[in-house]
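In: below is the sequence, then the predicted model.
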Amino acid sequence: EAGVAQSPRYKIIEKRQSVAFWCNPISGHATLYWYQQILGQGPKLLIQFQNNGVVDDSQLPKDRFSAERLKGVDSTLKIQPAKLEDSAVYLCASSYGSGGGWETQYFGPGTRLLVL
Amino acid sequence: QKEVEQNSGPLSVPEGAIASLNCTYSDRGSQSFFWYRQYSGKSPELIMFIYSNGDKEDGRFTAQLNKASQYVSLLIRDSQPSDSATYLCAVKGGKLIFGQGTELSVKP
């Protein structure tokens, strides 16, 4: 089965510009996650969707970050305006069910963002 | 106190040795525990999960969980150079929370 797809793989922008990332989860997976991984740290959950509803966005900086998952399949994450500290890898993951218990999350290749 | 804490490393072991990776967590309500491996420039991939106290073995990997001590570990037997990567401990109560990772280097 095809894995989680993300694009673009790399993006370089200047601060205060906007940027958008796209994710297509594994077919049939109900739950989609966006993580931010800063160099030298573990991934940090930004937002979790189950189908097209938001389950958890408590760590999403809502003044500049937004995300949507229309039709419960693919998703976009947007940053507007970007700051230097947003430089990170943005990982998308998906899981089959609601994400509880020991359900496995499968990660995409990530988008590496550099803000200058 | 960090929610999930790992030895920052790097941990260097010779080929064929046992590598021991440790993780502590703060939320006593945590129910599931995961070990992910992340090669440089790649995304995390699941090695194994554990949810009951004790040991769980999968090939060369053994996960150990002690909920009373809030401690999870991963042992890698017969370490190979291909095991060189960053190992991420992740703990799930509600959401999945990752530690900062331990870099492992296996020297031939």
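Out: That came in fine, so what should we check first?
In: pull up the pairing partners for whichever strand or helix holds B:Leu74, direction included.
Out: Using DSSP states H and E, the element containing B:Leu74 is strand B:71-76. According to DSSP bridges, strand B:71-76 forms sheet pairs with strand B:19-25 (antiparallel), strand B:61-66 (antiparallel).
In: state the mean pLDDT of that strand.
Out: Averaging pLDDT along strand B:71-76 gives 97.
In: give me the sheet partners of the next helix or strand after that strand and which way each runs.
Out: Counting by DSSP H and E, the next helix or strand C-terminal to strand B:71-76 is strand B:85-92. Next to strand B:85-92 in the sheet, as set by DSSP bridges, lie strand B:32-38 (antiparallel), strand B:96-98 (antiparallel), strand B:102-107 (antiparallel).
In: with only the CA atoms kept, save the last one in PDB.
Out: If I follow you right, that is strand B:102-107. The C-alpha trace of strand B:102-107 is given here as PDB (Å, rounded to 0.1, in the frame of the first residue of the first chain):
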ATOM      1  CA  THR B 102      18.900   9.500  21.700                       C
ATOM      2  CA  GLU B 103      21.500   9.300  19.000                       C
ATOM      3  CA  LEU B 104      23.100   5.800  18.700                       C
ATOM      4  CA  SER B 105      26.300   5.200  16.900                       C
ATOM      5  CA  VAL B 106      27.400   1.600  16.300                       C
ATOM      6  CA  LYS B 107      31.100   1.400  15.400                       C
END
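In: contact partners of it?
Out: Strand B:102-107 is contacted by residues B:6-15, B:17, B:19, B:21-22, B:76, B:79-87 when judged by C-beta atoms under 8 Å, 6 or more residues apart in numbering or on different chains. Backbone N, C-alpha and C define where each C-beta goes, glycine included.
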